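Colleague: I'll drop the sequence and a predicted model, then ask my questions.
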Amino acid sequence: MRLLTFYQRTEKEILRDPLNAAFGIGFPVAVLLLLTVIQANIPVSLFAIERLSPGIAVFGFSFMTLFSATLVSKDRSGALLQRLYATPLKAKDYILGYILPMLPIAAAQSLVCFMAAVCLGLEVSANIVWAVLLGMPSAFFFIALGLLCGSIFNDKQVGGICGALLTNLAAWLSGTWFDLELVGGTFQKIADALPFVHAVELERAVIAGDFSGILPHLWWVLGYAAVTGAAAIFVFTHKMKHN
Amino acid sequence: MDAIETCDLTKKYKGLTAVDGLNLSVREGEIFSLLGVNGAGKTTTIKMLSCLTRPTSGNAFLYGKSILSDSQAVKNMIAVSPQETAVAPNLTVKENLELMAGVHSFSREKAGQKTKELSARFDLDQIAGKKAKKLSGGWQRRLSIAMALISQPQILYLDEPTLGLDVLARSDLWEMIRSLKGETTVILTTHYMEEAESLSDRVGVMKNGRLLFTGTPGEMKARAGTDKFEEAFIRLVKEEKQ
């Protein structure tokens, strides 16, 4: 009951903020449209919809980090968490209550992105449903990263770090806008060591129906999700105890 | 019967002693005001009594339950209305009340009933569907206190409840706080001396983490040799300096 109450509260706080809808759904769809228009006017295949849409879906998840980090940091800086800390709610109620409601929102966001892609020429298939489902480990990683950042930084810092830095990192190092092999060298090594490109390649494999191609990318994403989740739980609980 | 009893309650932060060996008893159903200048240790005391901060040494018992070894039981009997208004901004007034009922594991029926009851008592009916962030400061504070009361706490901590409110909003809140007398033990911190004098059964004066005085407002004035409460407070605090 306690967890459900906190779950519903998080869900309402996120869904009722119009900026969240604008950035979480509107912006990725707008980028998808823009790049598809560009593709239609250039002779080379840079932004083919079946390769672009998985990248945009993952890019959209990066806004989940911003949403969850902003909510947690605002709760911390305001007095609401102080009030709630003095109630019988336990650490697990807070952590699950912040993370779980964001997962269906991320799934809906991903579905909207692929539906927009269908309108732009992506073939309708069951792979879209699999892509949404197999995108959830990536979504969990981004949401947990938000919980971690929100537990450490204030809401202004979160805006800069998660809003500007992370969304750019997630975009540039994901191989969505350009083939990372074209840059190569250290840049590609860094990108390969981070989860963003693996999250995109995982989704591309699923959309292409190449389920054997999801490995090793799925392991990378799951590994990052597990480590980030553990770090977020540790830091949030530590901060909660030390208030 | 004592609702709260502290035993040498102490909190130190990196060399600074915020609360220094506090021994205090608060009786059941009374309104007790903790007074002191900034940094006196009032908020730290409340944080320890509400299990938000662990004491460096000493202990406190709320209806016999230790804040150290039985914090879950303590959390079931207390509520806090913090200094800043503590409401969920995108939730409506009704939803904020239901949130607090839910975190105390009330059934849906009981949550609904308590929400109705508190809405009526605090005149929140008319704005039940309004988002908390759209309310004025006075209404937000009113909602904040209603949220604290929905769990039917035996002990309620009100940290600077009327800070920044206009005269009318403050007067309304005073009435609400007075109405709790006898049914809920209220610990109030405030910088407004007229508020403490008007509302409190007893007051405690803190300075540099230590308790200088406890007694009724009348006893405090008698002790300081003045018939003005604010003057009595100033004399007590300055006397300690000399």
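Modeller: Ah, there it is.

Colleague: right, and A:L180 touches A:A191 too?
Modeller: Yes - if you go by Cβ atoms under 8 Å, A:L180 and A:A191 touch, sitting 5.1 Å apart. All C-beta atoms are positioned from the backbone trio N, CA, C, and that covers glycine.

Colleague: hey, what's in contact with both of those two?
Modeller: By the contact definition Cβ atoms under 8 Å, 6 or more residues apart in numbering or on different chains, A:L180 and A:A191 are jointly contacted by A:L173, A:V197.

Colleague: show me where the chain has its strands.
Modeller: The chain I'm using is chain A. For chain A, strands defined by DSSP state E do not occur.

Colleague: let's do chain B instead
Modeller: Listed in chain order, the strands of chain B (DSSP E) span B:2-13, B:16-27, B:31-35, B:57-62, B:65-66, B:78-81, B:155-159, B:185-189, B:202-207, B:210-215.

Colleague: figure out which of those is closest to chain A.
Modeller: With Cβ to the nearest Cβ as the measure, strand B:78-81 is the member of the strands of chain B nearest chain A (4.4 Å).

Colleague: which positions in chain A make contact with chain B?
Modeller: A:1-2, A:4-6, A:8-9, A:12-13, A:16-17, A:78-80, A:82-89, A:93, A:243 (Cβ under 8 Å from any Cβ of the partner chain).

Colleague: since we're on the residue nearest to A:I128 when sequence neighbours are not counted, how many residues are nearby?
Modeller: Distances taken as Cβ to Cβ, 6 or more residues apart in numbering or on different chains place A:F114 nearest to A:I128, at 4.7 Å, with adjacent residues excluded. When neighbours are counted by other Cβ atoms under 10 Å in any protein chain shown, A:F114 registers 24.

Colleague: so how many other residues sit close to the residue nearest to A:V124 when sequence neighbours are not counted?
Modeller: Spatial nearest neighbour of A:V124, excluding adjacent residues (Cβ to Cβ, 6+ apart): A:V118 at 5.6 Å. Neighbours of A:V118 under the rule other Cβ under 10 Å: 15.

Colleague: quick check: A:V118 touching A:I128?
Modeller: Yes - A:V118 lies in contact with A:I128 (Cβ under 8 Å); the separation is 7.5 Å.

Colleague: give the contact list for whichever residue of chain B sits closest to chain A.
Modeller: At 2.8 Å from chain A, B:G102 is the closest residue in chain B, using Cβ to the nearest Cβ. Counting by Cβ under 8 Å, 6+ apart, B:G102 touches A:M1, A:R2, A:L4, A:T5, A:F6, A:Q8, B:A111.

Colleague: lowest-confidence one in these?
Modeller: In terms of pLDDT, A:M1 ranks lowest among those, with 79.

Colleague: surely A:F211 and A:H217 touch.
Modeller: No - counting by Cβ under 8 Å, A:F211 stays clear of A:H217, with 11.6 Å between them.

Colleague: in chain B, which spans are helices?
Modeller: Under the criterion DSSP state H, helices of chain B are mapped to B:42-49, B:71-77, B:93-103, B:108-121, B:137-149, B:167-178, B:193-199, B:217-224, B:229-241.

Colleague: name the residues of the last one that are buried.
Modeller: Going back to what we said before, that points to helix B:229-241. Neighbour-count burial for helix B:229-241, counted by 16 or more other Cβ atoms under 10 Å in any protein chain shown, picks out B:F229, B:A232, B:F233, B:R235, B:L236, B:V237.

Colleague: can you tell me how far the fifth one sits from B:V37?
Modeller: Put plainly, it is B:L236. According to Cβ to Cβ, to the nearest Å, B:L236 stands 11 Å off from B:V37.

Colleague: one more: the fourth one?
Modeller: When distances are taken as Cβ to Cβ, B:R235 and B:V37 turn out to be 13 Å apart.

Colleague: longest helix of chain A, counting residues only.
Modeller: Ordering each helix of chain A by length in residues (DSSP H) puts helix A:49-77 first.

Colleague: list the buried residues in that helix.
Modeller: A:49, A:51-76.

Colleague: cool, and stretch B:30-49?
Modeller: Neighbour-count burial for stretch B:30-49, counted by 16+ other Cβ under 10 Å, picks out B:30-36, B:40-49.
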